[in-house]
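1. everything below, folded, please.
(chains A and B)
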2 protein chains.
Amino acid sequence: MIEAGLQTPDAPESLYAPAKYFLALPAKRIRPVLTLAVYEALTGKAPLPALNAALAVEMFHNFTLVHDDVMDNADLRRGQATVHRRHGLNTAILCGDAMHVLAYRFLKSYDDPVRSQLTFMLLDTALEVCEGQARDLCAPPDVEGYMAMLEQKTGALLGTAAAMGAVVARADEATVQKINVFARHWGTAFQIIDDVLDMYGGAEFGKQPGGDVVEGKKTVLWYAAYENLSLRNALDEAWSRRNVEEMRKLFDAANAPTVARHWAARRFEFARQAVADVPEVGSVVRWLDSLAERTV
Amino acid sequence: MIEAGLQTPDAPESLYAPAKYFLALPAKRIRPVLTLAVYEALTGKAPLPALNAALAVEMFHNFTLVHDDVMDNADLRRGQATVHRRHGLNTAILCGDAMHVLAYRFLKSYDDPVRSQLTFMLLDTALEVCEGQARDLCAPPDVEGYMAMLEQKTGALLGTAAAMGAVVARADEATVQKINVFARHWGTAFQIIDDVLDMYGGAEFGKQPGGDVVEGKKTVLWYAAYENLSLRNALDEAWSRRNVEEMRKLFDAANAPTVARHWAARRFEFARQAVADVPEVGSVVRWLDSLAERTV
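-> Here you go, the predicted structure:
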């Protein structure tokens, strides 16, 4: 349903063929499925009315990936060539811009006031995502800054994806807000786990362990280890060599994976608490928790 | 009024300081002034209610300039360093993305249905602008393709700038449409004149004549000259050398500036015809015509 709906115009081909290529890459589609699942859980009905909201969120997410790949100078996304590697820098910038516009345009199909509410929710989130990406590019100074960055860059859009399903379901404002907070915390926690798995995930994830170290990305493991004052000099020194084994030993010495998993667990708990009195979305909470457990 | 309103948030500074820098560069602000002028002409009232619509258009325009400058690899904009030259590629992409979001967010202050109408008008236009830019990057095959590109890349936003003023003024749909067509043609015609002036403007415009040739941009003069079958070989050959004097002689031999001015004059006439039965906007037509005359 999501794949079929994730359409762009056809002409000019120089603009839309790269977008179609990127949108067709295999992906988990957690965000749009979340929008649909919340709608279904709250109404007990088939989620077709929430489809355009779900597509808006997924199109927006894909726009950010195209531009992020340029900023990260990444060669691969979802195992395939990134748009800028395949079609050049200019096309990647412009194709991302068009996908950004197409995202909001999915919301035109709703009637006001739902249409306006969805549109400006997504716009507010879009600004948060840009701010989170800006903070990511600068490397946050401490773990609080890092968590705030994750929340803006990843948590915010998950929260809005879930909340948009609730808005289409005509839930009251307080319920929409609780569902937003729930998915925002869950998304942030999931990203923390994702950081840990980059180093400790093992080969079953099909990635070379320590890719973030190789790329010079300081993730949650770095901040967890850096809390340990006695290790700071060693961490700074080892970091300059980008040696995965060396960094892993220091992370182990600092108990970084356990600390990071504890931070994630606390966030998952915040998430569950936020919707403790919205039992209708219990199935959504269980689905997301099963996703997280499969990877923890 | 426009300069004072063209604000962004402050933090993170790495994202918004470059945006503030760019937005403060001296500019003509034709698009937002057009929005305000149409509102004032239709209502006879001070244009404050149209200010946020005007700011949305100007912010959107500035977003496109930041990204276009990257795609053109331009060093200067409005006589100052472009964002990517001053702050790097990543910041220019991200800062443009944030300005794109901020543009639509100015429209939040309106009530529905005006809010939705303005938002989706601007979104439809945004897609046209992206498509026009994609066509520009590929160099259109003929003069029809070139004109269609100009209309999407430049005309569409001028049309929407004017039409948004009419929407805020609560004009009826037919009037909004006429005003849109008027400014869309006018903007396209103005861009044709701008192309001619790049070669024939003289030093009073503070630019080196023939900049487009040096940068390898085929403008309306090229397409006008290329209509002349007997000159095509000479044009193709001379083009490869990017020699301004040589190109100017060929353009002169083909009567290209006169042909192009004729194309522009026809568009200006279409523009005037579109609002022939909307006498309320006569003052706006005269203002835009005076801008064009000053440069023709």
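2. for B:L127, see how far away A:A103 is.
-> Remark: distance between A:A103 and B:L127 (Cβ to Cβ, to the nearest Å) = 11 Å. Where you see a C-beta, it was placed from the backbone N, CA and C, and this is true even at glycine.
3. so these two - more neighbours on which side?
-> A:A103 (23 against 20; other Cβ atoms under 10 Å in any protein chain shown).
4. ok, the more buried one - contacts?
-> A:56-57, A:59-60, A:63, A:122 (Cβ atoms under 8 Å, 6 or more residues apart in numbering or on different chains).
5. what's the answer for A:T154, then?
-> By Cβ under 8 Å, 6+ apart, the residues touching A:T154 are A:132, A:187-188, A:190-191.
6. now the residue nearest the centre of chain A, what are its backbone angles?
-> When Cα atoms, centre = their mean is applied to chain A, the residue found nearest the centroid is A:T154 (3.8 Å). Recorded main-chain torsions at A:T154 are phi -120, psi -50, according to degrees, to the nearest 10.
7. same thing with A:G88?
-> The phi/psi pair for A:G88 (degrees, to the nearest 10) is phi 100, psi 160.
8. pLDDT on stretch A:24-41, on average?
-> Averaging pLDDT along stretch A:24-41 gives 97.
9. pull out the buried positions in it.
-> A:27, A:29-41 (16 or more other Cβ atoms under 10 Å in any protein chain shown).
10. so which residues on the stretch 101-250 of chain A come close to chain B?
-> A:101-102, A:104-105, A:108, A:112-113, A:115-116, A:119-120, A:123-124, A:126-127, A:130-131, A:133-135, A:137-138 (Cβ under 8 Å from any Cβ of the partner chain).
11. now list the buried members of those residues.
-> So, by 16+ other Cβ under 10 Å, the buried ones in these are A:101-102, A:104-105, A:115-116, A:119-120, A:123, A:126-127, A:130-131, A:133-135, A:137.
12. what two of the contacts of A:T154 have the greatest distance between them?
-> Maximum pairwise distance among the contacts of A:T154 (Cβ to Cβ): 14.8 Å, between A:G132 and A:F190.
13. what's the pLDDT at the residue in chain A sticking out farthest from the centre?
-> The C-alpha centroid of chain A is most remote from A:S230, which lies 33.2 Å away (Cα atoms, centre = their mean). The model reports A:S230 with a pLDDT of 95.
14. who touches the residue lying closest to A:L102 once chain neighbours are set aside in this structure?
-> Of all residues not flanking A:L102 in the chain, A:M59 sits nearest, at 5.4 Å (Cβ to Cβ, 6 or more residues apart in numbering or on different chains). When contacts are counted by Cβ under 8 Å, 6+ apart, A:M59 is found next to A:6, A:23, A:99, A:102-103, A:106.
15. ok so A:M59 is a helix residue?
-> Yes. Counting by DSSP: H, G, I helix; E, B strand; the rest coil, A:M59 is located in a helix.
16. how close does it sit to A:A92?
-> 16 Å.
17. the residue nearest to A:Q117 when sequence neighbours are not counted: what's it in contact with?
-> Distances taken as Cβ to Cβ, 6+ apart place A:V167 nearest to A:Q117, at 5.5 Å, with adjacent residues excluded. Residues near A:V167 by Cβ under 8 Å, 6+ apart: A:53, A:114, A:117-118, A:121, A:176.
18. ok, which stretches of chain A are strands?
-> Ranges of strands in chain A, per DSSP state E, are A:76-77, A:80-81.
19. within the sheet, what are the partner strands of the last one, with directions?
-> On the basis of DSSP bridges, the sheet neighbours of strand A:80-81 come out as strand A:76-77 (antiparallel).
20. contact partners of the strand it pairs with?
-> A:22, A:25, A:65, A:69, A:82.
21. buried ones from these, can you make that a ChimeraX selection?
-> Here is the ChimeraX command that selects the buried residues among those (16+ other Cβ under 10 Å):
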select /A:22,65,69,82
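22. of the contacts of strand A:76-77, list those near chain B.
-> Applying Cβ under 8 Å from any Cβ to the contacts of strand A:76-77, none is adjacent to chain B.
23. low pLDDT regions in chain A?
-> Applying pLDDT under 70 to chain A flags residues A:202-207, A:294-296.
24. domain-wise, how is it divided?
-> Using automatic domain parsing, the domain parsing of chain A gives A:1-171, A:172-296.
25. list the buried residues of stretch A:144-156.
-> Buried-residue list, stretch A:144-156, by 16+ other Cβ under 10 Å: A:146-156.
26. nothing else from me, thank you.
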